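# only geometry, no sequence info:
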């Protein structure tokens, strides 16, 4: 056959290639973007000691198959026995009340993977966001490293351990959570994401980019960026590095590039100066995020790329003008937050971390103190997206112990490494406004403690000089507990002073540290008004962080409030069956508690709120712990107290409030300096109404109603559509309602939960601090008329139907769709 090539053929070929090039380019782009791949699926898990489990040919076929994140400490224990082993709780728990009666131990994880043709010849890295605790990692039978701190992020280059194309690779992780090593619930296992990275051997370092806003003025932002290029080859290599800035609206607003050469085994920081005009600033109200794309080119081929979210914002501090975000004075409406996710334990699903921030934003918080350890990447990403400022805290102890087996054992060897990983990982987050060295450190007032603080501060400054350094510092008493000792050593190396429970000393402390700002790094709900008044009145006090913003597992019963004999003492912590701290503004399933409605008034989120103190039995009194709140009801439902007096608490910033019962004026009262007015009201069913009074005129009001008998089960999901990725979650709130749609708050009725379809229930229960039998149960009791079930998405498209039933009630169903 004779082949004749004409002009027409050539033009057709050119057109055909032009059509192919975008597809090739997209394929190349996908290859670059997939450099960081989630490594959560298809692990094998065994709880207990395992011999030779790190070896490649170990038989793990009998081990449980699961997907990460995973926390074995919230899984039901074997040999359930009433009042001894209930759900995941055991009286034999080493941590006891501190860890919420949960159990740690030893656990093993194994996972197989193969490298694709595209991944051959590349550099491979395993990246763990957090493993609690004492992690050891092997690849193909060879140990690649370990990590002791259960909250630190760590990574290993595993390139030299990996097998070639088509051959099996085995990753093994041993986890040890033993002894008394925590003051709160830690969880156990690989509880955060694991990633595998595939990069060329000349690559952009993940944590090697640092972006800072130098100044914002005259309608433009000046930004400095440095990125680190590494060459792991034996040859000199040429490169071009390109930076592109994509606006929050998706438009490219800046691009620049640099060319150069990199010697064999060399690392090089490459600086850029960027000017963004008409910038969209990041703030708590408008959390605008740019995407900074940094790409590495060899000739005309893109070989590596990073995409980093970044918020342009400025931070200014002054003892005369306080803290300013983007030049606007901003008080920190703060909450301390532990890392667990309630019914999920410590498992750090993206959705769980995001929901936590959404709940806090909805309740008026604009700042969080990570107490007392680094959080997950997902948590910080959610703070960036949703507009939540963060005090990023490193440690709960340094060289002196709080528990026999805690981090003090490893501080000298590991603290610099852990500080480095914290700061390098999180320094580009606009949400992070301060670094905290630690919390209530035992050696804080000693010369040695001061030296340690300076050492840690200098470690941070190696990687970031743009944020202030702080810590949570509490009082220190002499041996007789009569005199408070000076805190000079604890404070002198801090840029900004965090005081735990010390609002009474602000003016006195300011005389000694007149050039430094301060804030309440921890406070209690019953002193919320005093703390917030100081923040509003004193320019050098910039905010208040409540202990805590949300309920958490462990430190059981810290916020207890219950009726006792007059001579009985209040306990700081509570033993079995308490497992929940119970001191949060928001409970374990995300429902606002009465103290949060009081805070709404203090923060001017609402003008007035009201609650009724629960009555006590004759001869008893109500005692509230230091971290507690009086037991209050958010309804006017006391069927056994007709004509008996009940104490009604009204919260308002108005000078006076009036109280009506069934449209009849009961009384008018002045509010106290704590913005409270108290009434004694003989109970009658109906509607209780509180109204603020200003200049003799009535203003904002709030009501509580008598709730009727339960008639309906209501199911409300926070989403009706899930990503079919095996990671997404739907939170289904279960409520018992009366005929008027009110939640029957006095109901502890038992329910039954079932699920069918491609998703599955991975957590369930209620917000009670003592109802162990309902935690993780498919037959939980309601608590104050509510419970919750959490659905985990499947990996294929389809429906998941959740059904809830209860004796004497019509069952309710809700359907959630998963979409691939």
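Cool, got the structure. Quantities reported herein were computed from a predicted structural model and do not represent experimental measurements.
# Surely residue 818 is in a strand?
Yes. Assessed by DSSP: H, G, I helix; E, B strand; the rest coil, residue 818 belongs to a strand.
# what bridges to it?
Beta bridges link residue 818 to residue 722, residue 798, judged by DSSP bridges.
# how close does it sit to residue 797?
Counting by Cβ to Cβ, to the nearest Å, the separation of residue 818 from residue 797 is 6 Å. For glycine as for every other residue, the C-beta is placed from the backbone atoms N, C-alpha and C.
# same check, this time on residue 727
15 Å.
# Who has more neighbours out of the two?
A direct count of neighbours by other Cβ atoms under 10 Å for residue 727 and residue 797 places residue 727 higher, at 20 against 13.
# you'd agree that one is up against residue 793?
Yes. Here residue 727 reaches residue 793: they are 6.8 Å apart, a contact under Cβ atoms under 8 Å.
# thinking again about what came up before, now do the shared contacts for residue 818 and residue 797.
Shared contacts of residue 818 and residue 797, defined by Cβ atoms under 8 Å, 6 or more residues apart in numbering, are found at 724, 758.
# Tell me where the stretch 401-550 of the chain has strands.
Counting by DSSP state E, counting those that start in this stretch, the stretch 401-550 of the chain has strands at residues 432-439, 468-473, 497-500, 518-523, 541-546.
# Tell me how many other residues surround the residue lying closest to residue 774 once chain neighbours are set aside.
Excluding its sequence neighbours, the residue lying closest to residue 774 (Cβ to Cβ, 6 or more residues apart in numbering) is residue 780, at 3.4 Å. Per other Cβ under 10 Å, the neighbour tally for residue 780 reads 25.
# so what's residue 780 scoring on pLDDT?
The model reports residue 780 with a pLDDT of 98.
# just checking, it touches residue 787?
Yes. Between residue 780 and residue 787 a contact is recorded at 5.2 Å, counting by Cβ under 8 Å.
# Now the common contact residues for the two.
Shared contacts of residue 780 and residue 787 (Cβ under 8 Å, 6+ apart): 751, 764, 765, 766, 774.
# quick one: which of these sit in strands?
In strands, defined here by DSSP state E, the members of the shared contacts of residue 780 and residue 787 are 764, 765.
# Tell me the one of the shared contacts of residue 780 and residue 787 nearest residue 804?
Within these, the smallest distance to residue 804 is 5.5 Å, found for residue 751 (Cβ to Cβ).
# Over to residue 53. Which of the three states is it?
With three-state DSSP as the basis, residue 53 sits in coil.
# need the contact list for the nearest residue to it once chain neighbours are set aside.
Closest residue in space to residue 53, ignoring its immediate chain neighbours: residue 108 at 5.0 Å, by Cβ to Cβ, 6+ apart. By Cβ under 8 Å, 6+ apart, residue 108 lies in contact with 45, 46, 47, 48, 50, 53, 63, 172, 173, 174, 175.
# Cross those residues against helices and list the overlap.
With DSSP state H as the criterion, helices contain none of these.
# From those, keep the buried residues only.
By neighbour count, with 16 or more other Cβ atoms under 10 Å, the contacts of residue 108 hold 45, 46, 47, 50, 53, 63, 172, 173, 174, 175 as buried.
# Among the residues you listed, pick out the one closest to residue 576, please.
Nearest to residue 576 among the buried ones among the contacts of residue 108: residue 47, at 22.7 Å, using Cβ to Cβ.
# give me the number of residues near the nearest residue to the closest one once chain neighbours are set aside?
Excluding the flanking residues, the one nearest residue 47 by Cβ to Cβ, 6+ apart is residue 107, at 5.0 Å. The number of residues packed near residue 107 is 23, by other Cβ under 10 Å.
# start the count at 59, not 1, going forward
New numbering, starting at 59: the last item is residue 165.
# SS state for residue 165?
When classified by three-state DSSP, residue 165 comes out as strand.
# returning to that earlier point: could you identify the pair within the shared contacts of residue 838 and residue 845 that is furthest apart?
Across those (Cβ to Cβ), the longest gap, 10.9 Å, separates 809 and 823.
# Give the residues shared as contacts by the two.
838, 845.
# that older thread, now distance to residue 331 and pLDDT too, for the buried ones among the contacts of residue 166, in a markdown table please.
Below are the buried ones among the contacts of residue 166 laid out as a markdown table (distance: Cβ to Cβ, whole Å; pLDDT from 0 to 100):
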| residue | distance to residue 331 | pLDDT |
| --- | --- | --- |
| 103 | 49 | 98 |
| 104 | 53 | 98 |
| 105 | 53 | 98 |
| 108 | 54 | 97 |
| 111 | 52 | 98 |
| 121 | 53 | 98 |
| 230 | 46 | 98 |
| 231 | 42 | 98 |
| 232 | 47 | 98 |
| 233 | 45 | 98 |
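# Can you name the two of those residues that sit furthest apart?
The span of those, defined through Cβ to Cβ, is set by 105 and 230 at 14.8 Å.
# domains for the chain, by residue range?
According to automatic domain parsing, the chain comprises the domains 94-257, 262-368, 374-608, 662-692+694-763, 770-877.
# And the first one, end to end?
What that stands for is domain 94-257. Its start and end residues considered, domain 94-257 measures 9 Å (Cα to Cα, to the nearest Å).
# from the middle of its chain, how far away would it be?
How far domain 94-257 lies from its chain's middle: 21 Å, per Cα atoms, centre = their mean, to the nearest Å.
# Could you list the low-confidence segments of this structure?
Applying pLDDT under 70 to the chain flags residues 59-91.
# so where do the helices sit in it?
Applying DSSP H to the chain gives helices spanning 65-91, 408-420, 435-444, 469-484, 505-519, 546-549, 564-570, 586-595, 652-660.
# Go through those helices and pick out the most buried.
Counting by mean count of other Cβ atoms under 10 Å, helix 652-660 has the highest mean neighbour count of the helices of the chain, with a mean of 23.
# For the closest residue to residue 347 other than its chain neighbours, give me its contacts.
Closest residue in space to residue 347, ignoring its immediate chain neighbours: residue 367 at 4.7 Å, by Cβ to Cβ, 6+ apart. Contacts for residue 367 (Cβ under 8 Å, 6+ apart) come out as 347, 348, 349, 350, 439, 442, 443, 486.
# Who does residue 367 form a beta bridge with?
Residues in beta-bridge contact with residue 367 (DSSP bridges): residue 349.
# about what we covered before: including distance to residue 452, could the helices of the chain go into TSV?
Formatted as TSV, those follow (distance: least, Cβ to Cβ, whole Å):
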stretch	distance to residue 452
helix 65-91	32
helix 408-420	19
helix 435-444	14
helix 469-484	6
helix 505-519	7
helix 546-549	16
helix 564-570	23
helix 586-595	24
helix 652-660	28
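# how about the ones you listed, which one is nearest residue 753?
Taking these one by one with Cβ to Cβ, helix 652-660 is closest: 19.1 Å.
# Give me the contact list for that closest one.
Here helix 652-660 makes contact (Cβ under 8 Å, 6+ apart) with 421-422, 583, 586-587, 590, 604, 643-644, 663-667, 669, 687, 690-692, 709-711, 733.
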